[in-house]
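In: sequence? don't have it. structure:
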């Protein structure tokens, strides 16, 4: 079990109880996943392109940006990072979607994002 009572391997499968107030000290488990869903699945059905996006936020807004990303439910994984960028996001672009347009229309419209760096992945093996 993790420090907050959630199983360690599903720490990310939770949501803020009071997202509108900005009080994200209380968390609740996400709704149950379908029985055939596997965590860390390599290729989710209908998703073809995996990209990693580093996000730099305006000073003091990282938590607000992360909360907005979480509310949109567009990410596979989202991490706070140290260094030049504040957040690291793993995203699967839906089949048939243009990567650039998808990122611009679903992520970069979030207020307080200063800059992003996208790394596309390719199947090597």
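Out: Thanks, I have the structure now. Keep in mind that this is a model prediction, so the values were computed, not measured.

In: kindly list the longest strand within this protein.
Out: Across the chain, the longest stretch assigned as strand under DSSP state E is strand 47-57.

In: strand partners of that strand, parallel vs antiparallel please.
Out: With DSSP bridges as the test, strand 47-57 is paired with strand 87-94 (antiparallel), strand 113-120 (antiparallel).

In: following it, which helix or strand shows up next?
Out: Later in the chain than strand 47-57, the nearest helix or strand by DSSP states H and E is helix 62-72.

In: go through the helix or strand following that following helix and flag the buried ones.
Out: The element immediately downstream of helix 62-72 (helix or strand, assigned by DSSP H and E) is strand 77-80. For strand 77-80, burial by neighbour count (16 or more other Cβ atoms under 10 Å) applies to residue 78. For glycine as for every other residue, the C-beta is placed from the backbone atoms N, C-alpha and C.

In: contact partners of strand 77-80?
Out: Contacting residues not belonging to strand 77-80 are listed as 12, 62, 66, 69, 70, 86, 87, 88, 89, 90 [Cβ atoms under 8 Å, 6 or more residues apart in numbering].

In: can you redo the strands paired with strand 47-57 as CSV with mean neighbour count, mean pLDDT and distance to residue 100?
Out: Listed next are the strands paired with strand 47-57 as CSV, based on neighbours: other Cβ atoms under 10 Å; pLDDT from 0 to 100; distance: least, Cβ to Cβ, whole Å:
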stretch, mean neighbour count, mean pLDDT, distance to residue 100
strand 87-94, 18, 95, 10
strand 113-120, 14, 96, 8
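
In: and residue 56, which of those is closest to it?
Out: In terms of Cβ to Cβ, the element of the strands paired with strand 47-57 nearest to residue 56 is strand 113-120, at 4.4 Å.

In: may I see the buried residues of the longest strand of the chain?
Out: 49, 50, 51, 53, 54, 55, 56, 57.

In: for the fourth one, give me its contacts.
Out: Residue 53 sits next to 88, 89, 91, 103, 107, 116, 117, 118, 119 when contact means Cβ under 8 Å, 6+ apart.

In: I'd like to know how far residue 77 sits from residue 101.
Out: According to Cβ to Cβ, to the nearest Å, residue 77 and residue 101 sit 22 Å apart.
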